[in-house]
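**Q** The sequence and its predicted three-dimensional model are supplied below.
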Amino acid sequence: MASTTAQANYGYCDTFFVESYEDTDGMFARAAAERERTRALAKAQQRHIAADLSRQTSDAYLNDVLDHMEVMEGETMPDINSIEIQTEIQWFMRPYLLDFLLEAHHAFQLLPETLFLAVNLLDRYCSKRVVYKRHYQLVGCAALLIAAKYGDRKERVPTIKELKSMCCSLYDDDMFTQMEWHVLQTLNWIIGHPTVTGFLDVALSQTGVDAEVQSMATYISEMALYHKDFIPVLPSVMARSSLALARYVLGRPQVHHPEWAARYDSNVVMDLSNQLSRPSQALFRKYSSAHLSNVATTLEQFLQRQNLMQQQQQQQTASQQPYPSPAQSALDVQQVAGPIMTPQTPQKPVYNAVPIGVLTPPETPEKDFYDNSNYNANQNLMHRLHACSNVPSASALQSYQYSSYPTSYPSQ
């Protein structure tokens, strides 16, 4: 009624800002819908142009990017020989710490490359500093915090309060800050390290993206983090080798053209295949999820089929060969018996002269709650990583000096 009166007094106003209540044919609604459609088409066209330009730029600079990544990975690799001569850190502790970092990484929903970078920072730090076993978890938390700050989303970066809670309040707040600073100082603030995921992205961009193959390759690469034999392997070699093994497991055709992605190391592939049957339970649960294509279950089924085929082949071979005589069987047993059949525990090499410079902060208290006389590797591993008592004082961090320490251990 008001609109009709206004039109009678002032005439009809054909402008966008005046809404007519007598739009019976839907003229204004159609115009608004047309404008929205035009905007959507323009945005889609802009995104297409941006993606095309990005792809062209990537193709143009791909070789230069790869060359730089390969140079950087060589400069930021840990030294396994220096880690070997640690006085308290043992290799059997590594899987338990990696399980902790894996669960923390999953809890904070960090990017995949953050985990690989955190493990690299951890190993590089252990290559240059003496680390107490009770501070191994603190170094891992500091490495994860640095890696998340370096390349992850800001809202996903864990806080010191959250890390302290995950460590059962074993460490004070100041200890996380001091350890983070000490790791950065030790590594000369060189954080950038081309990870396996970065090389995987490059390889898949050349051969075609396959989500299941990518998840399987990442699963195999994370499985390799648990074993010291793969620490010296370059991330570029690990990425291409795990990708080739993932294609074999999933029945995908291998890449044979002379591209960078097709050059994998057959020895690394063989070593990786020998470790497929012993994954960490935390890692197995992670990759049994649907958003990671259930590759852990797929790999387990593949190994079961392989074992069944191997048993069938052995049965066929045994049925074709004549039965050996009792004397020959006894001789074979005597030849096999000895160091191979005797149970042996792998031992670290003993070094008489281990350079002890400035130790990792904080200084170990006199009453260390790790009693070496009651040391039992099979029963106290989780207690060693998740102990929640006898918190060391943070005051030792402030008075500790970090000067005159060698940058690396001398070769033995």
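**A** Structure's in. What do you need?

**Q** residue boundaries of the strands in the stretch 201-350 of the chain?
**A** In the stretch 201-350 of the chain, no strands are defined using DSSP state E, counting those that start in this stretch.

**Q** quick one: low-confidence parts of it?
**A** Within the stretch 201-350 of the chain, the stretches with pLDDT under 70 are 257-258, 261, 321-350.

**Q** Once you drop chain neighbours, what's closest to Lys286?
**A** Closest residue to Lys286 in three dimensions, ignoring its sequence neighbours and counting by CB to CB, 6 or more residues apart in numbering: His106, at 6.0 Å. Where you see a C-beta, it was placed from the backbone N, CA and C, and this is true even at glycine.

**Q** same deal with Ser236?
**A** Nearest one to Ser236, counting by CB to CB, 6+ apart, is Phe199 at 4.7 Å.

**Q** burial measure for the one you found, as a count.
**A** 26 (other CB atoms under 10 Å).

**Q** That one against Ser242, yeah?
**A** No. Using CB atoms under 8 Å, Phe199 makes no contact with Ser242, being 9.8 Å away.

**Q** which residues do the two both contact?
**A** The overlap between the contact sets of Phe199 and Ser242 (CB atoms under 8 Å, 6 or more residues apart in numbering) is empty.

**Q** Next, the residues that contact the strand or helix carrying the residue nearest to Lys286 from outside, please.
**A** According to DSSP states H and E, His106 maps onto helix 94-107. Contact with helix 94-107 is made by 114-115, 118-119, 122, 136-137, 140-141, 144, 158, 163, 166, 222, 225-226, 228, 280-283, 286, 381-382, 384-386, as judged by CB under 8 Å, 6+ apart.

**Q** go on, stretch 268-278?
**A** Here stretch 268-278 makes contact (CB under 8 Å, 6+ apart) with 220, 223-224, 227, 229-230, 233, 237-238, 241-242, 244-245, 299, 303.

**Q** Farthest pair within those?
**A** Spanning the widest gap among the contacts of stretch 268-278 are Val237 and Leu303, at 23.5 Å by CB to CB.

**Q** re earlier: counting neighbours, which bits of the helix holding His106 end up buried?
**A** By neighbour count on 16 or more other CB atoms under 10 Å, the buried set for helix 94-107 is 94-102, 104-105.

**Q** Mind checking what helix or strand follows it in sequence?
**A** As assigned by DSSP H and E, the chain's next helix or strand after helix 94-107 is helix 112-126.

**Q** just checking, what packs against that next one?
**A** helix 80-84, helix 94-107, helix 136-151, helix 173-186, helix 196-207, helix 211-224 (3 or more CB pairs under 8 Å, 6 or more residues apart in numbering; DSSP states H and E).

**Q** Next, the buried residues of the longest one.
**A** Residues of helix 136-151 classed as buried by neighbour count (16+ other CB under 10 Å): 136-148, 150-151.

**Q** Point out the least confident one among the residues you listed.
**A** pLDDT across those is at its lowest for Gly151, which sits at 86.

**Q** burial measure for Phe176, as a count.
**A** 21.

**Q** hang on, I meant Asp52
**A** Asp52 has 10 nearby residues by other CB under 10 Å.

**Q** between the helix or strand encompassing it and helix 196-207, how many degrees?
**A** Taking DSSP H and E as the criterion, Asp52 maps to helix 27-75. Calculated by axes from the mean of the first three to the mean of the last three CA atoms, to 10 degrees, helix 27-75 forms an angle of 110 degrees with helix 196-207.

**Q** other SSEs contacting helix 27-75?
**A** Using 3+ CB pairs under 8 Å, 6+ apart, helix 27-75 is in contact with helix 196-207, helix 235-250.

**Q** In terms of pLDDT, where does Lys164 sit?
**A** As predicted, Lys164 sits at a pLDDT of 90.

**Q** Give me the distance between it and Ile190.
**A** Distance, Lys164 to Ile190, by CB to CB, to the nearest Å: 27 Å.

**Q** same question, Glu259
**A** Counting by CB to CB - Glu259 and Ile190 are separated by 30 Å.

**Q** now do Leu66
**A** To Ile190, Leu66 is 20 Å away according to CB to CB.

**Q** Kindly report the same for Ser127.
**A** The spacing between Ser127 and Ile190, counted by CB to CB, is 13 Å.

**Q** got it, and Tyr136?
**A** Distance of Tyr136 to Ile190, given as CB to CB: 22 Å.

**Q** distance of Arg156 from Cys141?
**A** Shown here: Arg156 relative to Cys141, a distance of 15 Å by CB to CB.

**Q** Could you do Val237 as well?
**A** Separation of Val237 from Cys141 (CB to CB): 29 Å.

**Q** Could you do Arg305 as well?
**A** Look at Arg305 and Cys141: by CB to CB, they are 40 Å apart.

**Q** related to what we said a few turns ago, can you tell me which of the contacts of stretch 268-278 lies closest to Met175?
**A** Met175 lies nearest to His227 out of the contacts of stretch 268-278, by CB to CB, at 29.4 Å.

**Q** which one is the closest one nearest to, not counting chain neighbours?
**A** Leaving out its chain neighbours, the residue that sits closest to His227 by CB to CB, 6+ apart is Gln275, at 6.0 Å.

**Q** just Glu212 next, same as before
**A** Nearest non-adjacent residue to Glu212, counting by CB to CB, 6+ apart: Ser293, 4.4 Å away.

**Q** still on that earlier bit, when Val237 and Leu303 are compared, which one has more neighbours?
**A** Counted by other CB under 10 Å, Val237 and Leu303 do not tie: Val237 has more neighbours, with 21 against 14.

**Q** now the more buried one: how far from Trp260?
**A** Distance of Val237 to Trp260, computed by CB to CB: 12 Å.
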